[in-house]
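**Student:** From the sequence below, what's the structure:
(one chain, ligands or ions: 2)
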Amino acid sequence: MSVLETFDHTTTRRLHAERYPELGTGPVSVTPFIAPEFLALECEHIFSKMWLMVGRIDALPTAGDYFVRVIECLNKSIIIARGQDGVVRGFHNVCRHRGTRVAAGAGNCKYFTCRFHGWVYDTAGRIKSIPDESQFHALDKQKLNLAPIHTDVWNGFVFVNFAEQPRETLREQLAEIGEKLAQFPTQSMVVSGRWGATLKANWKLFLDAFQEGYHVDTVHSGTVGGYFTGRRNPSCRPSHLALYQRNRAASFSYDPDFTPHRSELFSIKSDAALTQGAQAEQKKLPGTNPDNDPYYSFDINVIFPNWLFDTSAGFYFVHELWPIDATTTRWESSLYFAPPTRASQMIAQEQTITLLRDAFREDVATSESSQAGLNAGVLKEIHFADSEITCRHFYQVVTQLVQNGGP
Ligand code: FES
Ligand SMILES: [Fe+2]
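**Tutor:** Ligands and ions are numbered 1, 2, ... in the order given. Model (predicted):
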């Protein structure tokens, strides 16, 4: 029996609410999407205490490689560096003399030299040299290394935790979704497309745009709408859904009646399409397509607090949502394919890259429009359909963590 037969997309039953009654069914407050005070609580209890994904380890293949990340809502700039000993570490990007940044961007070096007065640190964060050192008064050089940050790696993704002592290990925080995706072969794929924007929307409001399919038929009518909606699933309900303690996963089927146009057919031949059908089944990657759906397109994996690791047959894409203020978010998105070995494969991948880029731009536009509407103060509450239970779950996880003071 196919997944489309076992999951009746035309049912009027609200199946997810039946399965997860603890999430309730009522409207939810708009306050978490607009209030600066609420973002302050999220920063204090979530972003300051939990593991945050800050990049790929592939960006640091050799000793001395580093990249800097800015985390606006915490006023942090951090350096992730591979030391000469091969170990990847995280540090605060703050000179011990008078606080100046010691690095910017990304690159390779042996030493970080502060541009203000020239204090020098090595790539393990140790203080190496202080110009005119005799003029200081009783410096304790043991205390002058760059301030370290808890850093860990899972499936090639680098995480940091700003807590003095994290309450959970990274594995504990990732929990079931970490086990599900531990073997997904990220190491065999390289970044093939990258986008980003600073947009006028709350970070959760924008993340919600990537975790429900209800908007696909309308927002994406010019791009991927027709791939996913049709007679059998007009509102793009997920074909599979799993809500974990804080993370969640959903899978989406493409429409069995979808007729691929020529460029999509070209991508299907090269295993780079959203609609690969039997090919996708044969090339099933670990942690994907949980129902062995013959019309499988992709899975969303929403990993708390602020990123998605979305997997498909032969590629994956990541969204990061970083709050700047309550109604402004920095979004970074990247798409990964196996390195192409033929020109035709490169073109096929480019077709999917372009398609997703255009679809994501559509999500930006509606999210900014939704935020503007909420900012008007007319609505006190909003409504989630059963097919938007991923958004309801996210809302509940965030509000509970804020109430409980963190994990
Ligand atoms: S602030 Fe860095 S050397 Fe003075
Ligand atoms: Fe979308």
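
**Student:** ok, for N247, nearest residue in space, not its chain neighbours?
**Tutor:** Using Cβ to Cβ, 6 or more residues apart in numbering and skipping the chain neighbours, the partner closest in space to N247 is I177 (4.1 Å). (C-beta placed from N, C-alpha, C; glycine too.)

**Student:** What are the boundaries of the helices in the stretch 151-300 of the chain?
**Tutor:** Secondary structure of the stretch 151-300 of the chain (DSSP state H, counting those that start in this stretch): helices located at 170-181, 203-209, 216-219, 225-228, 262-269, 278-282.

**Student:** for those, which one sits closest to R69?
**Tutor:** Taking Cβ to Cβ, helix 203-209 is the member of these nearest to R69, at 15.7 Å.

**Student:** circling back: I figured the residue nearest to N247 hits A250, correct?
**Tutor:** No. I177 is not in contact with A250 according to Cβ atoms under 8 Å; the separation is 11.7 Å.

**Student:** Could you check which of those two has the larger neighbour count?
**Tutor:** A250 (25 against 22; other Cβ atoms under 10 Å).

**Student:** so what's that one up against?
**Tutor:** 211, 213, 238, 240-242, 299-300, 390 (Cβ atoms under 8 Å, 6 or more residues apart in numbering).

**Student:** beta partners for it?
**Tutor:** Beta-bridge pairing for A250 (DSSP bridges): L241, I300.

**Student:** Provide a list of residue ranges in the chain with pLDDT below threshold.
**Tutor:** 1-8 (pLDDT under 70).

**Student:** circling back: in TSV: the contacts of A250, plus neighbour count and distance to R89.
**Tutor:** Output for these, formatted as TSV (neighbours: other Cβ atoms under 10 Å; distance: Cβ to Cβ, whole Å):
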residue	neighbour count	distance to R89
Q211	22	33
G213	22	40
P238	25	39
H240	17	38
L241	21	38
A242	18	34
D299	26	32
I300	22	31
T390	25	35
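
**Student:** Pipe those residues into TSV and attach distance to T354 per row.
**Tutor:** As requested, the contacts of A250 are arranged in TSV below (distance: Cβ to Cβ, whole Å):
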residue	distance to T354
Q211	23
G213	21
P238	25
H240	27
L241	29
A242	31
D299	22
I300	20
T390	26
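
**Student:** Skipping its backbone neighbours, what lies nearest L52 in space?
**Tutor:** Nearest residue to L52 in three dimensions, chain neighbours excluded: V160, at 5.7 Å (Cβ to Cβ, 6+ apart).

**Student:** partners of the one you found in the sheet?
**Tutor:** Beta bridges link V160 to L52, T151, judged by DSSP bridges.

**Student:** so who does it touch?
**Tutor:** Per Cβ under 8 Å, 6+ apart, neighbours of V160: 51-52, 54, 78, 80, 90, 149-151.

**Student:** which two in the contacts of A250 are spaced the farthest apart?
**Tutor:** Farthest-apart pair in the contacts of A250 is G213 and A242; separation 15.2 Å (Cβ to Cβ).

**Student:** Quick check: which element contains whatever residue of the stretch 251-400 of the chain ends up closest to ligand 1?
**Tutor:** Going by Cβ to the nearest ligand atom, ligand 1 is nearest to I324 of the stretch 251-400 of the chain, at 25.7 Å. Using DSSP states H and E, I324 sits in strand 315-325.

**Student:** Any idea how many residues pack against the closest residue to N93 other than its chain neighbours?
**Tutor:** In space, N93 comes closest to S77 once its chain neighbours are excluded; the distance is 4.0 Å by Cβ to Cβ, 6+ apart. Residues within reach of S77, counting by other Cβ under 10 Å, total 18.

**Student:** before we move on, what about the one 5 residues further on?
**Tutor:** The number of residues packed near R82 is 21, by other Cβ under 10 Å.

**Student:** Hmm, it is touching A59, no?
**Tutor:** No. Between R82 and A59 there is no contact under Cβ under 8 Å: 9.5 Å.

**Student:** can you list residues touching both of these two?
**Tutor:** Residues touching both R82 and A59 (Cβ under 8 Å, 6+ apart) are D65.

**Student:** By neighbours, which of the contacts of V160 wins?
**Tutor:** For these, the largest number of neighbours (other Cβ under 10 Å) sits with W51, at 27 neighbours.

**Student:** In this structure it contacts F159, no?
**Tutor:** Yes. Counting by Cβ under 8 Å, F159 is a contact partner of W51 at 4.4 Å.

**Student:** Need the residues touching each of the two.
**Tutor:** In terms of Cβ under 8 Å, 6+ apart, W51 and F159 are both contacted by the residues 152, 170.

**Student:** and Y111, how far is that from S297?
**Tutor:** With the distance defined as Cβ to Cβ, to the nearest Å, Y111 ends up 48 Å from S297.

**Student:** Have a look at those two and say which one is more surrounded.
**Tutor:** Each of Y111 and S297 has its neighbours counted (other Cβ under 10 Å); S297 has more, 24 against 13.

**Student:** Leaving out the residues flanking it, which one is nearest to the more buried one?
**Tutor:** Here the residue nearest S297, using Cβ to Cβ, 6+ apart, is Y254, at 4.5 Å.

**Student:** now swap in E362 and tell me
**Tutor:** Using Cβ to Cβ, 6+ apart, the closest residue to E362 is V219 (5.0 Å).

**Student:** Pull the contacting residues for the one you found.
**Tutor:** Taking Cβ under 8 Å, 6+ apart, we find V219 in contact with 225, 362-363, 366.

**Student:** Which positions in the stretch 1-150 of the chain make contact with ligand 1?
**Tutor:** Contact residues (Cβ under 6 Å from any ligand atom) of the stretch 1-150 of the chain with ligand 1: 95, 97-98, 100, 114, 116-119.

**Student:** buried subset of these?
**Tutor:** Applying 16 or more other Cβ atoms under 10 Å to these, the neighbour count classes 95, 97, 114, 119 as buried.
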